[in-house]
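Enquirer: build me a structure from this.
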Amino acid sequence: MYKNLAAALAAACFFAPVFSQTPATTKAAPAPVVKAGFVYVSPITEAGWTRQHDEGRKAVEAALGSGVQTTFVENVAEGADAERVIRDLAATGHQIIFTPSFGYMEPTLKVAQDYPQVKFESITGYKTLPNVATANARYYEGRYLAGIAAGRMSKTGVAGFVAGFPIPEVLQGINAFTLGMRSVNPQAMVKVVWLNVWFDPSKERDAAMALFNQDVDVIAFHTGSTAVMAAAQERGKLAVAYHSDMRRTGPDAQIVAVTHQWGSYYTERVRAVQNASWKSGNVWGGVREGMIRVGDFGSRVPAAVQKEVLAAQKAVGAGRLHPFRAGKAAVRDNEGHEVIPAGHTLSDPQILQMNWLAEGVQGKLPR
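Expert: The predicted model follows:
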């Protein structure tokens, strides 16, 4: 019924102590085995968005052992296909289902209303129900830090950005990356290509090649494969890895990686189902929470640049540095409008509703 369906562990019992007045004769009660389902928007490749979520699934298995049985379905299109797969998982006894793609939000909500006893985790979604929680990561924090590295490494001062869809999450990344670059090179420019697709290696590659023909010598991307990194390696350019460390694909191209760490969150949520403490909610974690990490520097990055980026990462985690905090001068968009007044920091609601491109980004926002 499922495409590439995998059940990772056989159900078994994990025994926890039960205290009573007759401990010598009372047997321990087995903790329930939780069936956890995962739905992936693309195939599981060696790196990328889906790879990181599957690493999170494996972390759940490692942490809970025989207390969990996981199932995943990969390469599921957003829309009707997603609803069918999510519904099938709910109907086959999965107590918690993770749906890590923005386009899965509405199908998740629809199925959740028919299965109130099942818990759902809408990753990157923003609508909740009593049995639907949402979670996302502050990717923009890593983007800003990667922008510092790109600004130091670029010789032309022109970066490229291959982007999926113009949703706030992507705009946050483009703007934070640009502001990070301009924090070390005020004249830096970022050229964006919109694909209107999350995973299409051929289109991702073509977009990267087109940008490399426009003075771009360092590139970032918000898409699901390693195609942009591979293109940078082929052309002798530099690239920022996203989602995963991609040095295997671009051993000479990668300058730094912005990686997503889902294992702790996924484990915590499955364990909550196991001990009946799961509650709906909304989590938005970043560097401080360990959900975003910048590192995995390439061999071409000088030690001084690595030290600078890692120091900035510590500052972000400690709350001393915020990508969307204006200094003595206001931050403006690329049409000249003030978007962050001098001395101010954007609030979370403002970041979540971002609909502008920062000064330094070439082009207009698709409407």
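
Enquirer: by mean pLDDT, flag the weakest helix or strand of the chain.
Expert: strand 14-16 (a mean of 30; mean pLDDT, DSSP states H and E).

Enquirer: just the pLDDT for the most centrally placed residue in the chain.
Expert: Residue closest to the average C-alpha location in the chain (Cα atoms, centre = their mean): residue 260, at 5.1 Å. We have a pLDDT of 90 for residue 260.

Enquirer: next: residue 102.
Expert: 89.

Enquirer: swap in residue 225?
Expert: 87.

Enquirer: tell me where the stretch 201-350 of the chain has helices.
Expert: 201-212, 227-235, 263-274, 303-317, 348-352 (DSSP state H, counting those that start in this stretch).

Enquirer: which one of those helices lies closest to residue 280?
Expert: helix 263-274 (10.8 Å; Cβ to Cβ). Every residue, glycine included, has its C-beta placed from N, CA and C.

Enquirer: which parts of that closest one are buried?
Expert: The neighbour-count check on helix 263-274 (16 or more other Cβ atoms under 10 Å) flags 263-267, 269-274 as buried.

Enquirer: okay, now the nearest residue to residue 321 once chain neighbours are set aside: neighbour count?
Expert: Nearest residue to residue 321, sequence neighbours excluded (Cβ to Cβ, 6 or more residues apart in numbering): residue 315, at 3.8 Å. Residue 315 has 14 neighbours, counted by other Cβ atoms under 10 Å.

Enquirer: i'd like the first residue to be 49 from this point on
Expert: Taking 49 as the first residue, the last one we looked at is residue 363.

Enquirer: go ahead and confirm residue 363 touches residue 370.
Expert: No. Contact status for residue 363 versus residue 370: not in contact, 9.2 Å apart, counting by Cβ atoms under 8 Å.

Enquirer: quick one on the thing from earlier: mean neighbour count, the helices of the stretch 249-398 of the chain: which tops it?
Expert: When the helices of the stretch 249-398 of the chain are scored by mean count of other Cβ atoms under 10 Å, the highest mean neighbour count falls to helix 275-283 (a mean of 24).

Enquirer: now that one, how far from the chain's geometric center?
Expert: Relative to the centre of its chain, helix 275-283 is centred 21 Å away, using Cα atoms, centre = their mean, to the nearest Å.

Enquirer: contacts for that helix, please.
Expert: For helix 275-283, the external contacting residues (Cβ atoms under 8 Å, 6 or more residues apart in numbering) are 210, 249-250, 252-253, 255-257, 260, 267, 269, 285-287, 289, 294, 297-302.

Enquirer: switch the cut-off to 7 Å
Expert: The contact list for helix 275-283 (Cβ atoms under 7 Å, 6 or more residues apart in numbering) reads 210, 249, 252-253, 256-257, 260, 267, 269, 286-287, 289, 294, 297-298, 300-302.

Enquirer: then stretch 318-336?
Expert: With Cβ under 7 Å, 6+ apart as the criterion, stretch 318-336 contacts 79-80, 82, 84, 108, 112, 115-116, 143-144, 167, 176-186, 189, 313, 317, 339-340, 361, 364-365.

Enquirer: I'd like to know which elements the helix or strand hosting residue 224 is packed against.
Expert: Element membership of residue 224, judged by DSSP states H and E, is helix 216-232. Applying 3 or more Cβ pairs under 7 Å, 6 or more residues apart in numbering; DSSP states H and E, we find helix 216-232 packed against helix 187-201, strand 206-211, strand 237-242, strand 266-270.

Enquirer: could you redo those as CSV and give each row distance to residue 131 and mean pLDDT?
Expert: Below are these laid out as CSV (distance: least, Cβ to Cβ, whole Å; pLDDT from 0 to 100):
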stretch, distance to residue 131, mean pLDDT
helix 187-201, 26, 97
strand 206-211, 26, 97
strand 237-242, 27, 97
strand 266-270, 25, 97
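
Enquirer: next one: stretch 276-290 to chain centre, how far?
Expert: For stretch 276-290, the distance to the chain centre is 20 Å (Cα atoms, centre = their mean).
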